[in-house]
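Peer 1: My questions concern the predicted model and sequence given below.
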Amino acid sequence: MSTLLLKSILSLITILSAFIAIFTMYEILGRSEKKYDIAKLKKIHKANGIVYFLIFIFIAYFCLNFIITSKSELSPRGIFHSVFAFTVIVLLCLKISFIRIYKQFYGKVQTIGLLIALITFGMVGTSGGYYLLVTEFGRDKAFDKIMEYKKEGPSKIADKKVVAPTLRGNRDEGIKIAVKTDPESIRKGKELYESKCYFCHDAYSTKAAVGPGHKGILKNPLLPVSKKPATPENVATQLRNPYKDMPSFSYLSEDDVLNIIAFLNTL
């Protein structure tokens, strides 16, 4: 079982934990005539909160470790997930302080508990829920490969120490890329594409797999996801500083990038 699948399954347990928290809280505080043993419900609520917190810390550790190791920028989805997670931490601390220290605010605890549960749904939906949806509950391994590549990329870059200043600077310096058309460059570009890109993209179709198909990519007016002009310069920039969930290929040499563009130009 992959780490991503494990984290996603654990995130579903946090959803279950949120439902248990809501149920026990409303049974304790919301009924004038008690249906269940309140002492037992309080113990269940407390134990459930500890389980929720431990799972939260466990998942947060792996998320932070991934960000630090990969040194990748968060996608919009990742930013939403991070905001939800941070909000949960703040609300949990606030709830505990109202229960143990600032008891005059105890009446606010019920509202805070409900907010924690609702935000948990958003937090899980933007992480574990998304992963389980796009991977068909872990059966499609392409997403795992992308995340693994993102995490391992920086170490590969450090090992190779490849620098391609011309292509790195094309946006700021206005440098135009001359597309190679010789058979050898196209052949090398095809080999690179098949080893680096093929498990996410279909070169000979416009249908989306994990990422969009690339047929006619440089013949269309716009790139399929970023919607920037479909120019060799923007393709090079996309490889160096990718848009959304695509991993970075900044370790590729200048010739490698030019060869990939040469192959894309034939599609």
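Peer 2: Okay, I see it.
Peer 1: Output the below-cut-off pLDDT ranges for this structure.
Peer 2: 70-73, 140-143, 145-175 (pLDDT under 70).
Peer 1: top helix in this structure by residue count?
Peer 2: Criterion DSSP state H: the longest helix present in the chain is helix 38-70.
Peer 1: How far away from the center of its chain is it?
Peer 2: 20 Å (Cα atoms, centre = their mean, to the nearest Å).
Peer 1: Point out the other helices and strands that it packs with.
Peer 2: Secondary-structure packing of helix 38-70 (3 or more Cβ pairs under 8 Å, 6 or more residues apart in numbering; DSSP states H and E): helix 3-29, helix 76-100, helix 142-160. Every C-beta, even on glycine, is put in place using the N, C-alpha and C of the backbone.
Peer 1: Pick the most buried one from these.
Peer 2: Among the helices and strands packed on helix 38-70, helix 3-29 has the highest mean neighbour count (mean count of other Cβ atoms under 10 Å), at a mean of 17.
Peer 1: So for the longest helix of the chain, what gets flagged as buried?
Peer 2: Going by neighbour count (16 or more other Cβ atoms under 10 Å), the buried part of helix 38-70 is 41, 44-45, 48-49, 52-53, 55-56, 59, 63, 66-67, 70.
Peer 1: Likewise for stretch 105-124?
Peer 2: So, applying 16+ other Cβ under 10 Å, buried residues of stretch 105-124: 109-110, 112-113, 116-117, 119-120, 122-124.
Peer 1: Just the C-alpha atoms of that stretch, please, in PDB.
Peer 2: Output of stretch 105-124 as PDB, limited to C-alpha atoms (Å, rounded to 0.1, in the frame of the first residue of the first chain):
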ATOM      1  CA  PHE A 105     -16.700  30.900  27.200                       C
ATOM      2  CA  TYR A 106     -17.800  27.200  27.600                       C
ATOM      3  CA  GLY A 107     -21.000  28.000  25.700                       C
ATOM      4  CA  LYS A 108     -19.000  28.600  22.600                       C
ATOM      5  CA  VAL A 109     -17.500  25.100  22.600                       C
ATOM      6  CA  GLN A 110     -20.500  23.500  20.800                       C
ATOM      7  CA  THR A 111     -20.200  26.000  17.900                       C
ATOM      8  CA  ILE A 112     -16.400  25.500  17.700                       C
ATOM      9  CA  GLY A 113     -16.800  21.700  17.600                       C
ATOM     10  CA  LEU A 114     -19.300  22.000  14.800                       C
ATOM     11  CA  LEU A 115     -16.900  24.300  12.800                       C
ATOM     12  CA  ILE A 116     -14.100  21.800  13.300                       C
ATOM     13  CA  ALA A 117     -16.200  19.000  11.900                       C
ATOM     14  CA  LEU A 118     -17.300  21.000   8.900                       C
ATOM     15  CA  ILE A 119     -13.800  22.200   8.100                       C
ATOM     16  CA  THR A 120     -12.600  18.600   8.400                       C
ATOM     17  CA  PHE A 121     -14.900  17.700   5.500                       C
ATOM     18  CA  GLY A 122     -13.300  20.400   3.400                       C
ATOM     19  CA  MET A 123      -9.800  19.500   4.500                       C
ATOM     20  CA  VAL A 124     -10.200  15.800   3.700                       C
END
